[in-house]
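> just a sequence and a predicted model for now, questions to come.
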There are 2 protein chains.
Amino acid sequence: MTEKIQKNRPKDLRSAILKTALHLFTTHGYFNTSVHDIRREAGISIGAIYHHFDSKESIAKAIYDDLLEQETEAIAQITIDGQTARDNCRAIMNHLFIMAEENPEAMEFMLYSKHREFMPSALPVCSSKPLSMMRKAVQLGIDNGEILPMEITLATTCLFGSMFRMIHLRLDGIITEPLPTFLDTIFECAWRGVSR
Amino acid sequence: MTEKIQKNRPKDLRSAILKTALHLFTTHGYFNTSVHDIRREAGISIGAIYHHFDSKESIAKAIYDDLLEQETEAIAQITIDGQTARDNCRAIMNHLFIMAEENPEAMEFMLYSKHREFMPSALPVCSSKPLSMMRKAVQLGIDNGEILPMEITLATTCLFGSMFRMIHLRLDGIITEPLPTFLDTIFECAWRGVSR
DNA sequence: GTCTATATAGTGATAGAC
DNA sequence: GTCTATCACTATATAGAC
């Protein structure tokens, strides 16, 4: 990996603020969290927050952008050229299940917030890089004949739709066992549906 | 249908308020909508609103309860005893697709709001009557051998997960064609995954 | 049952000392 | 770069006339 400019990392306050904000945003919601709540929970002052961020919205935006970037990187590392579409898609599903277990708040914020309502500037998740990488993995499967010929959004939804719902149910506490437990079942059901 | 007590229906202001509120809640979000916005959009006064409802939250709650009740009724009429699980599940999917086209705001509010954040009192959608009726339709299919033996939440997610995602994408404007267009494809993919 | 006017509390953000 | 004090504003909800 190339040396990247550390434009982000005082590593101290900025990331502490983001971490605290993510926690409060996911547990109570963006609008139920005031900047003063973040201040209190992080044990710092209002001034410090507004020194690092322009506005409450820009805190949310920073969290969102960071998470999408991380995910993009992760999926890029997981999907391997020359591998079957089946293997790549399964690896993605596995990764997202693990991610939802290890970092549920990040997952909740990235996938299940109503971003439009508090970050009018942000693109919807569906248009994000990680999602388009998932579509690309599916497209390769269609092109090489592993997956039935279908419009790409449709195929991606058929393959990953139940996974997204599983993650949702898990984050909501409806499902109580770790998601990787269900990987085989969920993936095989979905694959059976779309494969030739 | 039996004569029901009209506890709801002045049919005038109350439902006008609910309709206006639903529109604003779905287009701008609950927290971006003030009671004054509802007042203005409905062309009435604050006093009238607070005469009919205790609070802003109770307006949201009323919308939510009404919609869930309607849906419960609708699904009850659609699922027919003695029909195959396949037919009943397909009928449910068809109904929800049509519903999403005819009343997208209702669907958006019912399925994709973060209810917890503004109606702490409300049960999550997953625990609602309509959802439990969907699980029941799937359970019958497992019992009679149409559907592979699986834990019920898992089976329901495999069968309806892609449908929920399609509705989501359609409401978000990602999909531009009417959902019923995709009914056959979506249902067959999902059914192939869970059926014996 | 509907109206207008207002009370009260809390928000996001800024100013300016250190 | 971090703090405290405070501003300007908007929100929900209530009071009380009609």
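Nice, I can see it.
> what's near enough to touch the closest residue to A:Pro104 other than its chain neighbours?
Of all residues not flanking A:Pro104 in the chain, A:Leu171 sits nearest, at 5.6 Å (C-beta to C-beta, 6 or more residues apart in numbering or on different chains). Using the backbone N, CA and C atoms, a C-beta is placed for each residue, glycine as well. Residues near A:Leu171 by C-beta atoms under 8 Å, 6 or more residues apart in numbering or on different chains: A:Ala100, A:Pro104, A:Met107, A:Glu108, A:Tyr112.
> between the residues you listed, which is closest to A:Glu69?
A:Glu69 has its nearest neighbour among the contacts of A:Leu171 in A:Met107, at 14.9 Å by C-beta to C-beta.
> coming back round to it: now do the same for the residue nearest to A:Pro104: its pLDDT.
For A:Leu171, the model assigns a pLDDT of 98.
> neighbours of A:Leu67, how many?
If you count neighbours by other C-beta atoms under 10 Å in any protein chain shown, A:Leu67 ends up with 22.
> and the helices in chain A?
Ranges of helices in chain A, per DSSP state H, are A:13-28, A:35-42, A:46-52, A:56-78, A:85-102, A:104-112, A:115-118, A:129-143, A:152-171, A:183-194.
> in JSON lines: those helices, plus distance to DNA strand C.
JSON lines is the format used below for the helices of chain A (distance: least, C-beta to the nearest atom of the strand, whole Å):
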{"stretch": "helix A:13-28", "distance to DNA strand C": "10"}
{"stretch": "helix A:35-42", "distance to DNA strand C": "4"}
{"stretch": "helix A:46-52", "distance to DNA strand C": "4"}
{"stretch": "helix A:56-78", "distance to DNA strand C": "4"}
{"stretch": "helix A:85-102", "distance to DNA strand C": "27"}
{"stretch": "helix A:104-112", "distance to DNA strand C": "16"}
{"stretch": "helix A:115-118", "distance to DNA strand C": "9"}
{"stretch": "helix A:129-143", "distance to DNA strand C": "27"}
{"stretch": "helix A:152-171", "distance to DNA strand C": "24"}
{"stretch": "helix A:183-194", "distance to DNA strand C": "38"}
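> just name the most buried of those helices.
Comparing those by mean neighbour count (mean count of other C-beta atoms under 10 Å in any protein chain shown), helix A:152-171 comes out on top with a mean of 24.
> tilt between it and helix B:183-194?
Orientation of helix A:152-171 against helix B:183-194 (axes from the mean of the first three to the mean of the last three C-alpha atoms, to 10 degrees) gives an angle of 50 degrees.
> I'd assumed A:Leu67 was in contact with A:Ala106.
Yes - contact criterion C-beta atoms under 8 Å: A:Ala106 and A:Leu67 qualify, at 5.4 Å.
> stretch A:53-69 and DNA strand D, any residue contact?
No - between stretch A:53-69 and DNA strand D, judged by C-beta under 7 Å from any atom of the strand, nothing touches; the nearest distance is 11.0 Å.
> contacts for that stretch next, please.
A:8, A:17-18, A:21-22, A:25, A:30, A:35, A:38, A:49, A:106, A:109-110, A:115, A:118-119, A:121-122, A:128-130.
> need the helices of chain A in TSV (columns: distance to B:Ala137).
Output for these, formatted as TSV (distance: least, C-beta to C-beta, whole Å):
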stretch	distance to B:Ala137
helix A:13-28	33
helix A:35-42	43
helix A:46-52	50
helix A:56-78	35
helix A:85-102	26
helix A:104-112	26
helix A:115-118	33
helix A:129-143	29
helix A:152-171	16
helix A:183-194	17
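> near chain B, anything from stretch A:116-124?
Yes - Stretch A:116-124 lies within reach of chain B by C-beta under 8 Å from any C-beta of the partner chain, at A:Arg116, A:Glu117, A:Phe118, A:Pro124.
> show me chain A divided up by domain.
Domain ranges of chain A: A:10-53, A:63-194, per automatic domain parsing.
> those domains into JSON lines, with extra columns for distance to B:Thr156?
As requested, the domains of chain A are arranged in JSON lines below (distance: least, C-beta to C-beta, whole Å):
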{"stretch": "domain A:10-53", "distance to B:Thr156": "25"}
{"stretch": "domain A:63-194", "distance to B:Thr156": "9"}
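> enumerate the residues of chain A near chain B.
So chain A meets chain B at A:28-32, A:112-114, A:116-118, A:124, A:126-127, A:150, A:153-154, A:157-158, A:160-166, A:169, A:172, A:174-175, A:182, A:185-186, A:188-194 (C-beta under 8 Å from any C-beta).
> got a list of what the residue nearest to A:Leu131 when sequence neighbours are not counted touches?
In this structure, A:Leu131 finds its nearest non-sequential neighbour in A:Val125, 6.3 Å apart by C-beta to C-beta, 6+ apart. Applying C-beta under 8 Å, 6+ apart, we find A:Val125 in contact with A:Met110, A:Leu111, A:His115, A:Leu131.
> the closest residue to the third one other than its chain neighbours: neighbour count?
When the adjacent residues along the chain are set aside, A:His115 lies closest to A:Ala122, with 5.1 Å between them (C-beta to C-beta, 6+ apart). Residues contacting A:Ala122 under the criterion other C-beta under 10 Å number 18.
> I'd say A:Ala122 and A:Ser113 touch.
No - A:Ala122 is beyond contact range of A:Ser113, at 9.9 Å (criterion: C-beta under 8 Å).
> tell me which residue of chain A lies closest to DNA strand D.
The minimum distance from chain A to DNA strand D, using C-beta to the nearest atom of the strand, falls at A:Gly47 (2.0 Å).
> and that residue, how close does it get to A:Ala62?
From A:Gly47 over to A:Ala62 the distance is 18 Å, taken as C-beta to C-beta, to the nearest Å.
> over to A:Met119?
10 Å.
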